[in-house]
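Chemist: what shape does this take:
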Amino acid sequence: MESTFDAIVLGGGAAGLLCAALAGQRGRNVLVLERAGTVGKKILISGGGRCNFTNIGAGPMHYISGNRHFAKSALSRYTPRDFLELVEKHQIAWHEKTLGQLFCDGSAKQIVQMLLDECATGPGNVEIRCNQSVSDVAHDGSQFTVSTQNGSASASSLVIATGGPSIPKMGASDFAYGLARQFGLKVVEPRPALVPLTLGGEDVLFRELSGVSAEVEASANTTTFREAALMTHRGLSGPAILQVSSYWRPGDPVTLNFLPDATPDWLLGEKRTRPSAGLRTVLRDYLPARLADALAERLDVTGDLGNVPDKALRAAERRLAAWTFRPNGTEGFAKAEVTVGGIDTGELSSKTMEAHKVPGLHAIGEAVDVTGWLGGYNFQWAWASAHAAAQNL
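Modeler: Down below sits the predicted model:
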């Protein structure tokens, strides 16, 4: 038996739930179909279980897209402050961490429950069905019909909110891209983002430092982030590395400045003030001991600093400020927090997220070629794009 709705939302994640809630509050009858057994699974694991639900400074400059202007409209019409008001309306305690990141004091479960409560407020009706495997999506020019193992449902509006293929163990897949192509929409080749990088060749020597972390400036393709980098048994991770991974392409180098606060000729200054000290000893004052020792071993500076030519010390300074790694890959979608690429923004209205070629078809959240930095930006895009689509349902 087929049931009819005003809109069907595919995906019960962050974007899908808020879109359904806002559409329901506009009086629409909405069906949410979720493949997993519960909604909001990626919300629940985010931020170490406390959900980094937005970033107070989120703006278009914090996103990667084939069209860097596309996100402006949605982000300007639903801001971090708008979502924060919703959080506070539900009396969810929160705190700000570094760099504008907002987290729940308690649990990410509170954000999922908030979204479910918003879905239940009406005046429209939002029905959520989990464990739904979509077998077919058809369109007759006016109505979309979605078939699952439990029958079919139809609506004049369909929202693709199934995300990207990152973290497949949470049920993520490339379903959105196949559906987009079915309707003739272009897809920007997806690749893992916010993902650890793997090292090979001579760089493998740094694997011995697994577990060592230090604040650095990490750069890839002219983009630089200053945060912590973490050495792992497979390569490089930590916030600074995850950030630059979104800009890194195979074959590109990644450069680390291990001493971002160092002033010019700082090693020459150390030579003057403690000429009998060795480089290893000096570096241990600035960096974790294991990292300092490893870097000292790889620099051509031996003996007391007082006996080392200034030229050699300046060369060591330069290398410490721009230590080049050549990653041989990433840890893939399995460890990627998000996906770069997705449904081409050129196919969508930046105001309504509706497909130009297929009236009534919308795409939101991570399914779209808009990818945020680490730190709550991707959630803000989910909320903003959901709001934009909901106003058009």
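Chemist: show me the contacts for the residue of the chain most remote from its centre.
Modeler: Ranked by distance from the centre of the chain (C-alpha atoms, centre = their mean), the top residue is Asn307, with 48.4 Å. Counting by C-beta atoms under 8 Å, 6 or more residues apart in numbering, Asn307 touches Pro275. For every residue, glycine as well, the C-beta is placed using N, CA and C.
Chemist: dihedrals phi and psi, it?
Modeler: phi -100, psi 0 (degrees, to the nearest 10).
Chemist: how close does it get to Glu270?
Modeler: As defined by C-beta to C-beta, to the nearest Å, Asn307 lies at a distance of 13 Å from Glu270.
Chemist: and what of Leu194?
Modeler: Taking C-beta to C-beta, one finds Leu194 at 37 Å from Glu270.
Chemist: who's more crowded, these two?
Modeler: A direct count of neighbours by other C-beta atoms under 10 Å for Leu194 and Glu270 places Leu194 higher, at 26 against 19.
Chemist: residues touching that one, list them.
Modeler: Here Leu194 is in contact with 242-243, 245-246, 336-338, 374 (C-beta under 8 Å, 6+ apart).
Chemist: can I get those in CSV including neighbour count and distance to Ala386?
Modeler: Output for the contacts of Leu194, formatted as CSV (neighbours: other C-beta atoms under 10 Å; distance: C-beta to C-beta, whole Å):
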residue, neighbour count, distance to Ala386
Leu242, 27, 24
Gln243, 22, 24
Ser245, 27, 26
Ser246, 26, 22
Ala336, 26, 22
Glu337, 21, 19
Val338, 27, 16
Leu374, 24, 21
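Chemist: what about Ile8, neighbour count?
Modeler: Ile8 has 25 nearby residues by other C-beta under 10 Å.
Chemist: check Gly151 too.
Modeler: Other residues within reach of Gly151, judged by other C-beta under 10 Å, total 10.
Chemist: kindly report the same for Val134.
Modeler: Val134: 16 surrounding residues under other C-beta under 10 Å.
Chemist: show the contacting residues for the most centrally placed residue in the chain.
Modeler: By C-alpha atoms, centre = their mean, the chain has its centre lying nearest to Val338, at 4.4 Å. Shown in contact with Val338 (C-beta under 8 Å, 6+ apart): 164, 166, 193-194, 246, 366, 371-372, 378.
Chemist: what separation do you get for it and Phe258?
Modeler: Distance from Val338 to Phe258, by C-beta to C-beta: 27 Å.
Chemist: and Ser213, by the same measure?
Modeler: 12 Å.
Chemist: surely Gly341 touches Ala180?
Modeler: No. Between Gly341 and Ala180 there is no contact under C-beta atoms under 8 Å: 11.6 Å.
Chemist: the more surrounded of the two?
Modeler: Remark: of Gly341 and Ala180, Ala180 carries more neighbours, 25 against 22, as counted by other C-beta under 10 Å.
Chemist: how about that one, secondary structure?
Modeler: Under DSSP: H, G, I helix; E, B strand; the rest coil, Ala180 falls in the helix class.
Chemist: who touches both of Gly341 and Ala180?
Modeler: The contact lists of Gly341 and Ala180 share Val187, where a contact means C-beta under 8 Å, 6+ apart.
Chemist: okay, and the beta partners of the residue nearest to the centre of the chain?
Modeler: Beta-bridge pairing for Val338 (DSSP bridges): Ala193.
Chemist: now do the one 10 residues further on
Modeler: Taking DSSP bridges as the rule, Leu348 bridges to Ala355.
Chemist: how about Ile128?
Modeler: Val32.
Chemist: count of neighbours near it?
Modeler: Other residues close to Ile128 by other C-beta under 10 Å number 20.
Chemist: let me see the contact set for it.
Modeler: Listed by C-beta under 8 Å, 6+ apart, the contact partners of Ile128 are 12, 20, 32, 34, 39, 116, 119.
Chemist: pretty sure the second one contacts Val30?
Modeler: In this case it means Ala20. Yes. The pair Ala20 / Val30 is scored as a contact, 4.6 Å apart, by C-beta under 8 Å.
Chemist: between these two, who's got more neighbours?
Modeler: Ala20 (33 against 28).
Chemist: pLDDT score for that one?
Modeler: We note a pLDDT of 98 for Ala20 in this prediction.
Chemist: distance from the chain centre to the helix or strand it falls within, please.
Modeler: For Ala20, the host element (DSSP states H and E) is helix 14-25. Counting by C-alpha atoms, centre = their mean, to the nearest Å, helix 14-25 is centred 21 Å from the centre of its parent chain.
Chemist: repeat for stretch 378-390
Modeler: Worked out by C-alpha atoms, centre = their mean, stretch 378-390 lies 14 Å from the chain centre.
Chemist: now do stretch 109-116
Modeler: 20 Å.
Chemist: show me which residues of that stretch are buried.
Modeler: Along stretch 109-116, these residues count as buried under the neighbour rule (16 or more other C-beta atoms under 10 Å): 110-112, 114-116.
Chemist: could you tell me how many residues sit around Arg318?
Modeler: Using other C-beta under 10 Å, Arg318 has 10 neighbouring residues.
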